[in-house]
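K.L.:
This is a predicted model, with the sequence first.
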Amino acid sequence: SEYLHLDNSACNLASLNLLKFLDVEDDDRFDLEGFSHAVQIIFTAQDILVGNADYPTEPIAQTSRDFRQLGLGYTNLGAMLMALGLPYDSEEARAWTGAVTALMSGHAYATSADLARRVGAFAGYKSNNEAMQQVLGFHREALTSVPESAPRDLMRAAEKSWDEAVRGCEQHGIRNSQATVIAPTGTISFMMDCDTTGIEPDLGLIKFKKLVGGGDLTIVNNTVGRALRRLGYDAEQIADIESHLLDGGGSSDAPHLRESDLPVFACSMGDNVIHHEGHLRMMAAAQPFVSGAISKTVNLPESATIEQVEDLHLLAWQLGLKAVAIYRDNCKVGQPLSTVRDDEDLIGEAVNAAIVEAQAIPERKKMPRTRRSKTFSFRVADCHGYMTVGEYDDGRPGEMFLTVAKQGSTLAGIMDAFAISVSHGLQYGVPLRSYVEAFTNVRFEPAGITDDPELRIASSLVDYIFRRLALEYLSVEERQQLGILSSEERIEQHLPGLEEATVETAIGAELVPDPPSSGSAQLSDAPLCSTCGDQMVRAGTCYSCRSCGSTSGCG
């Protein structure tokens, strides 16, 4: 929801970890110089990326390069406010947010104007110059709406940046039609060592994240101790509070925690909850200084009514927000993050602990009474035979019949039993690819030349059978991984010799081409193929197998 701009365009996103700009050694002073420098560096890198990136379609590529939209933003705002000892739902926290966002966007646009001076404005600027200058003017005027409790040094830096941006745009144009958005940063925040995401407060001081493969991950807010120290708690009190939280307790009944400090540790969910209007008003503090919109979830309790949802959207519109997303707790069957572990999860763990070993019983899918089939005639060396493959309605193979040599012979009996066992495996769910991987390149007699134009050589009957089945029923991608390609698909992986063209030198002398490599020279020191066991041949600095196409790798 954060990206609101032209159709067929893209936004290159990047986010800064705000907590990293609080100087612990200087009473958590916000590092203005470091933050401004980071904005300039990251924003410039984003602009460079526009011209060097690949895009899914040509219209998206064209629009993105013509308008050069960027989406610089931040993350870990909630943790920064907590570290400062500020309640998320407070006038002072909103003042901080407005000032930081104003500085970020102002310096980003000032950087964009400087880039326009050096390399030119975006292609669509000429037809949008008046509107663009007007938009920057609106951003500059919005500085008057930031509460007076905002840090004065932050506000002075923001005012200076916006003055430079407006003046630079008037003189040189602007390099980027959009500069900032506030993205959700759900995944990258974990990689950036953040306790909160985007503009969000913390979901809960202790959270449980459901994992795709099952189970859950306990996530602890590491900013709690830092906030408690700023609020004047000693080491022993901090240890007691953190131990209480880790044991499953809430902040509202934590030992030693003063009631006046509870709002500092309020979260989106749990026993100490931020009111949904607090979410909206925090977004409204940042929105006047954001090019695009803000991706943020406004959390509602499970008891929220339709009327409350309606009032929330109306308030969002009145506050001037461009977008809003709401989430009512437990409105879905599953949610990725929660502050309590579900009873079902706990029951499931108890059951799993009691189960020593669970065994899945395979179920046979019998072939339909009337089914399609394919019959193949083949010859491997001097052995002639027939293979019939029965198919399910969806075209998958489900049974196989083999007729080889004379009835009553040992080979015929073995191949008949082999076909029955493979048929049972296919009907019980064994993938055909597993059979192909197991039986191709198996070597025994009869072996040699075949009469199949797509498979000229086979190392055994079963090698030919499963190569033939692979060509019929496996995808090209799977066959490429297995090294099984038809004659038309196979690209020559080695050359018997290099036929070099005659080249005239500057003085007219003629270079004599290297003679083709002889077969004996190629095979003299060649190892056996580790895949099929055939003799490999030299191809440059590599060895390749003429039978299965495997290579030894190049030195």
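P.N.:
Yep, that arrived. Residues are numbered from 1 along each chain as shown.
K.L.:
what about residue 315, neighbour count?
P.N.:
Residue 315 is flanked by 17 other residues according to other C-beta atoms under 10 Å. All C-beta atoms are positioned from the backbone trio N, CA, C, and that covers glycine.
K.L.:
That one and residue 279 touch, don't they?
P.N.:
No - Residue 315 lies out of contact with residue 279 (C-beta atoms under 8 Å); the separation is 10.4 Å.
K.L.:
Look at the residue lying closest to residue 142 once chain neighbours are set aside and say how many residues are nearby.
P.N.:
Counting by C-beta to C-beta, 6 or more residues apart in numbering, residue 142 lies nearest to residue 288, which is 3.5 Å off, once chain neighbours are set aside. Residue neighbour count, defined by other C-beta under 10 Å, stands at 19 for residue 288.
K.L.:
roughly how far apart are residue 288 and residue 143?
P.N.:
For residue 288, the distance to residue 143 equals 8 Å [C-beta to C-beta, to the nearest Å].
K.L.:
For those two, list the residues in contact with both.
P.N.:
Counting by C-beta atoms under 8 Å, 6 or more residues apart in numbering, the common neighbours of residue 288 and residue 143 are residue 102.
K.L.:
Tell me if I'm right that residue 61 and residue 55 touch.
P.N.:
Yes - counting by C-beta under 8 Å, residue 55 is a contact partner of residue 61 at 3.8 Å.
K.L.:
Show me how the chain divides into domains.
P.N.:
Using automatic domain parsing, the domain parsing of the chain gives 12-188, 373-482, 511-555.
K.L.:
Of the ones you listed, which is nearest residue 223?
P.N.:
Of all the domains of the chain, domain 12-188 sits nearest to residue 223, with 4.4 Å by C-beta to C-beta.
K.L.:
just how off-centre is the closest one within its chain?
P.N.:
25 Å (C-alpha atoms, centre = their mean, to the nearest Å).
K.L.:
Torsion angles phi and psi at the most centrally placed residue in the chain?
P.N.:
In the chain, the C-alpha nearest the mean C-alpha coordinate belongs to residue 187, at 8.4 Å (C-alpha atoms, centre = their mean). Here is the backbone geometry of residue 187 (degrees, to the nearest 10): phi -90, psi -50.
K.L.:
export stretch 23-36 as PDB, just CAs?
P.N.:
Once non-C-alpha atoms are left out, stretch 23-36 reads as follows in PDB (Å, rounded to 0.1, in the frame of the first residue of the first chain):
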ATOM      1  CA  ASP A  23      24.400   7.700  20.000                       C
ATOM      2  CA  VAL A  24      24.500   5.600  23.200                       C
ATOM      3  CA  GLU A  25      27.600   7.300  24.400                       C
ATOM      4  CA  ASP A  26      26.100  10.800  24.000                       C
ATOM      5  CA  ASP A  27      22.800  10.400  25.900                       C
ATOM      6  CA  ASP A  28      21.000   8.900  22.900                       C
ATOM      7  CA  ARG A  29      21.600  12.100  20.800                       C
ATOM      8  CA  PHE A  30      20.300  11.600  17.300                       C
ATOM      9  CA  ASP A  31      23.300  11.600  14.800                       C
ATOM     10  CA  LEU A  32      22.200  14.300  12.300                       C
ATOM     11  CA  GLU A  33      25.400  14.300  10.300                       C
ATOM     12  CA  GLY A  34      25.500  10.500  10.100                       C
ATOM     13  CA  PHE A  35      21.800  10.200   9.200                       C
ATOM     14  CA  SER A  36      22.000  12.900   6.500                       C
END
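K.L.:
which of the residues in that stretch are buried?
P.N.:
28, 30, 32, 35, 36 (16 or more other C-beta atoms under 10 Å).
K.L.:
Listing request: residues of the stretch 201-350 of the chain with sub-threshold pLDDT.
P.N.:
212-214, 333-350 (pLDDT under 70).
K.L.:
Now do the strands in it.
P.N.:
Here the stretch 201-350 of the chain has its strands, by DSSP state E, counting those that start in this stretch, at 206-210, 216-220, 297-300, 325-328, 337-338.
K.L.:
Looking at the ones you listed, spot the one closest to residue 194.
P.N.:
Nearest to residue 194, of all the strands of the stretch 201-350 of the chain, is strand 216-220, at 10.9 Å by C-beta to C-beta.
K.L.:
tell me the angle that closest one makes with strand 206-210.
P.N.:
150 degrees (axes from the mean of the first three to the mean of the last three C-alpha atoms, to 10 degrees).
K.L.:
Partner strands of strand 216-220 and their direction?
P.N.:
Partners of strand 216-220 in the sheet, by DSSP bridges, are strand 206-210 (antiparallel).
K.L.:
Next, the buried residues of the partner strand.
P.N.:
Neighbour counts over strand 206-210 (16+ other C-beta under 10 Å) mark 206, 207, 208, 210 as buried.
K.L.:
The stretch 401-550 of the chain: helices as residue ranges?
P.N.:
Using DSSP state H, counting those that start in this stretch, the helices of the stretch 401-550 of the chain run over 410-427, 432-439, 461-473, 476-482, 519-523.
K.L.:
what's the burial count for residue 138?
P.N.:
Residue 138 has 10 neighbours, counted by other C-beta under 10 Å.
K.L.:
Before we move on, what's the pLDDT of it?
P.N.:
At residue 138, the model reports a pLDDT of 96.
K.L.:
quick one, what contacts it?
P.N.:
Counted by C-beta under 8 Å, 6+ apart, residue 138 has contacts residue 288.
K.L.:
Name the helix or strand for it, please.
P.N.:
Counting by DSSP states H and E, the element that carries residue 138 is helix 129-141.
K.L.:
buried stuff in that helix?
P.N.:
Applying 16+ other C-beta under 10 Å to helix 129-141 flags 132, 135, 136, 139, 140 as buried.
K.L.:
Tell me if I'm right that the first one and residue 172 touch.
P.N.:
No - in this structure, residue 132 sits apart from residue 172 without contact. The criterion is C-beta under 8 Å, and the distance is 11.9 Å.
K.L.:
which residue ranges form the helices in the stretch 51-200 of the chain?
P.N.:
Using DSSP H, counting those that start in this stretch, helices in the stretch 51-200 of the chain cover 58-67, 77-83, 91-119, 129-141, 152-172, 188-191.
K.L.:
my read: residue 173 touches residue 116, true?
P.N.:
Yes - using C-beta under 8 Å, residue 173 is in contact with residue 116, at 4.5 Å.
K.L.:
Now do the shared contacts for the two.
P.N.:
Common neighbours of residue 173 and residue 116 (C-beta under 8 Å, 6+ apart) are 122, 125.
K.L.:
which residues sit in contact with residue 60?
P.N.:
Per C-beta under 8 Å, 6+ apart, neighbours of residue 60: 8, 9, 10.
K.L.:
wait, which of these is closest to residue 263?
P.N.:
With C-beta to C-beta as the yardstick, the closest approach to residue 263 among these comes from residue 10, at 39.7 Å.
K.L.:
Neighbours of the nearest residue to the closest one once chain neighbours are set aside, how many?
P.N.:
Spatial nearest neighbour of residue 10, chain neighbours left out: residue 64 (4.6 Å); criterion: C-beta to C-beta, 6+ apart. When counting by other C-beta under 10 Å, one arrives at 21 neighbours for residue 64.
K.L.:
Settle this for me: residue 64 is touching residue 5, isn't it.
P.N.:
No - Residue 64 is not in contact with residue 5 according to C-beta under 8 Å; the separation is 10.0 Å.
K.L.:
picking up where we left off before, next, the angle helix 91-119 makes with the helix holding residue 138.
P.N.:
With the same axes, to 10 degrees as the basis, helix 129-141 and helix 91-119 are set at 150 degrees to each other.
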